[in-house]
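**Q** sharing a sequence plus its predicted fold:
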Amino acid sequence: MRLALIPARGGSKRIPRKNIRPFAGRPVIAWSIAAAAECGLFDRIVCSTDDEEIAEVAQAWGAEAPFRRPPEISDDHATTLDVVQHFLRWADSEGLSPEAVCCIYPASPFVRADDLREAHARLVETGAGYCFPVARFPAPIQRAVRRTPDGRLAMFQPENFNVRSQDLEPAFFDAGQFYWGRPEAFRAGLRMFGPDATALEIPLWRCVDIDTPEDWERAEKLWRVLSEEAGA
């Protein structure tokens with residue numbers, strides 16, 4: 001059995017009601033539900049929420065919302081791991097024994113069913129505890145600079161000033177779309193950014209982590225461009 005978990009709390013501060021805000025003609029959470037359904041891997045798609053309206057929207061678009069998340073893991077300090085572990089306790093109470101769980105963020109309109117399938121295959125093939133999408137930083141992080149209190153610049157790694165970009169090791173960041181994991185890895189609280197994880201690289205242009213109004217605007221513009229290209 002494989003379970004999809006979509007964590008969607010109601011108290012988003014920077015973008016109010018973010019998880020059900022309309023995006024390209026449907027609530028943004030609907031895109032995550034659709035990708036989960038399209039990939040064909042999940043026995044159940046469950047929304048974990050503390051909010052009745054979000055639960056109703058999720059159900060209208062094909063997910064289940066069989067419980068309400070408690071307040072202590074519904075605030076700004078709750079972690080993804082907290083929510084997944086709570087979900088697994090619910091699964092235990094229902095007599096479910098998933099071999100894998102995929103936590104799919106609700107504001108991820110660019111998540112693709114193919115990526116979900118490929119990341120699951122990689123999880124199985126490698127025996128890792130986790131697998132999630134990453135993208136390559138557009139510039140070498142070894143040549144990053146900071147702004148000092150007086151407004152000047154300083155390199156984080158000055159020793160790399162004269163090193164050619166192509167000679168520096170590529171670095172990657174979490175795409176912020178979904179996390180496949182084995183229940184035992186989630187339960188043990190194993191670190192995702194470490195030796196227990198493997199990754200699926202996706203193109204940088206498909207990574208839009210929507211946290212601010214500016215992120216939302218960028219995502220909408222990218223969607224329009226991609227829609228125009230598809231219709232060309």
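**A** Structure's in. What do you need? Numbers count the residues shown, from 1 in each chain.

**Q** every contact and neighbour count from this point should use C-alpha atoms.
**A** OK.

**Q** residue furthest from the geometric center of the protein?
**A** Most distant from the centre of the chain: Asp150, at 36.7 Å, with distances by C-alpha atoms, centre = their mean.

**Q** tell me the buried residues in the lowest-mean-pLDDT helix or strand in the chain?
**A** One helix or strand of the chain scores below all others by mean pLDDT, DSSP states H and E: helix 213-231, with a mean of 90. For helix 213-231, a neighbour-count test (16 or more other C-alpha atoms under 10 Å) marks Trp216, Ala219, Leu222, Trp223 as buried.

**Q** can you tell me which residues contact the nearest residue to Ala36 once chain neighbours are set aside?
**A** Closest residue to Ala36 apart from its sequence neighbours, by C-alpha to C-alpha, 6 or more residues apart in numbering: Ala113 at 6.4 Å. Under the criterion of C-alpha atoms under 8 Å, 6 or more residues apart in numbering, the neighbours of Ala113 are Ala35, Ala36, Glu38, Cys39.

**Q** just those residues now: which is nearest Met155?
**A** Of all these, Met155 sits closest to Ala35, with 41.1 Å by C-alpha to C-alpha.

**Q** and the residue nearest to the spatial centre of the chain, what pLDDT?
**A** For the chain, the residue sitting closest to the mean C-alpha position, by C-alpha atoms, centre = their mean, is Gln177 at 2.4 Å. We have a pLDDT of 97 for Gln177.

**Q** and the one 5 residues further on, by the same measure?
**A** In this model, Arg182 is scored at 98, pLDDT.

**Q** pretty sure it contacts Gly127?
**A** No. Shown here, Arg182 and Gly127 do not form a contact pair, counting by C-alpha atoms under 8 Å, at 9.3 Å.

**Q** pick out whichever of the two has more residues nearby.
**A** Shown here are Arg182 and Gly127; by other C-alpha atoms under 10 Å, Arg182 has more neighbours (21 against 14).

**Q** not counting residues beside it along the chain, what's closest to the more buried one?
**A** Distance criterion C-alpha to C-alpha, 6+ apart; nearest residue to Arg182, sequence neighbours excluded, is Ala100 at 4.7 Å.

**Q** and that neighbour, how close does it get to Phe87?
**A** 13 Å (C-alpha to C-alpha, to the nearest Å).

**Q** again, but for Pro106
**A** 16 Å.

**Q** who touches the strand or helix carrying Cys131?
**A** According to DSSP states H and E, Cys131 maps onto strand 130-136. Contacts to strand 130-136, defined as C-alpha under 8 Å, 6+ apart, come from residues 115, 119-120, 122-123, 170-182, 185, 192, 196-204, 207.
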